[in-house]
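>>> Sequence and predicted structure, then a few things I'm wondering about:
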Amino acid sequence: MSFDIIIIGCIGIDTNVYFYGDGPDFDREGNFTQNIDYIGQAGGYAARLAQSLGLSTALIASIGDDFSGNYIRQTLIQDGINCDGLFIDPLGTNRSINFMYADGRRKNFYDGKGNFELKINPQDYLSILQGAKVAHLNIANWCRQLIPQLQQRNIFISTDLQDITDFNDEYRKDFLE
């Protein structure tokens with residue numbers, strides 16, 4: 001099977017906290033907000049968007065062996081996204097809390113679980129990469145382990161560089177190149 005696009009990277013549950021006014025009053029214990037959970041993070045949004053545009057889509061990402069991970073897997077399969085590349089992060093499913101201000105600002109609190117420590121065997125994903133046209137990488141540390149396989153197969157690579165402030169940032173160097 002070949003895919004129009006393979007999304008490689010972060011997926012998790014985003015809790016967006018929408019403020020009714022200017023923002024929270026940290027001098028008060030309680031603030032009234034609208035809180036909505038989404039399947040999100042860069043990989044979650046990209047995979048669901050690509051599939052909704054009619055692209056055959058596969059996802060290589062970590063989830064936890066927990067309620068959120070199971071919910072993500074079931075929802076993506078219902079969406080028609082190939083989930084053969086999902087693997088278990090023993091620390092659980094990624095989470096994010098996003099403060100969403102009325103003026104469009106967002107403040108993110110990201111819990112990437114084991115993204116820095118996760119190791120994958122690139123050989124385990126060769127059947128997913130076979131015939132792929134495009135791979136869209138997020139900047140989770142473990143994603144860089146697949147870059148040589150993508151390059152060897154002449155798969156077009158796009159990258160979500162998120163929050164880049166310095167083109168000499170060593171962490172993002174592999175992704176920039």
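Perfect, I can see it now.
>>> Tell me which residues of stretch 78-92 come out buried.
Using 16 or more other CB atoms under 10 Å as the test for burial, stretch 78-92 gives 81-83, 85-86, 89, 91-92. Every residue, glycine included, has its C-beta placed from N, CA and C.
>>> In those, find the pair that's most separated.
N82 and L91 (24.4 Å; CB to CB).
>>> if I look at C10, how far off is R153?
As judged by CB to CB, to the nearest Å, C10 and R153 stand 22 Å apart.
>>> Tell me which of the two has more neighbours.
Set side by side, C10 and R153 show more neighbours around C10, with 27 against 13, by other CB atoms under 10 Å.
>>> helix/strand/coil for that one?
Following DSSP: H, G, I helix; E, B strand; the rest coil, C10 is assigned to coil.
>>> Can you give me every residue that contacts it?
41-44, 61, 94, 112, 115, 138, 140 (CB atoms under 8 Å, 6 or more residues apart in numbering).
>>> go again using 6 Å as the cut-off
Contacts for C10 (CB atoms under 6 Å, 6 or more residues apart in numbering) come out as 41-43, 94, 138, 140.
>>> Those residues into CSV, with extra columns for pLDDT?
Output for those, formatted as CSV (pLDDT from 0 to 100):
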residue, pLDDT
Q41, 93
A42, 92
G43, 94
N94, 96
N138, 91
A140, 90
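>>> Mind checking which of the residues you listed land in strands?
Those of the contacts of C10 mapping onto strands are N94, per DSSP state E.
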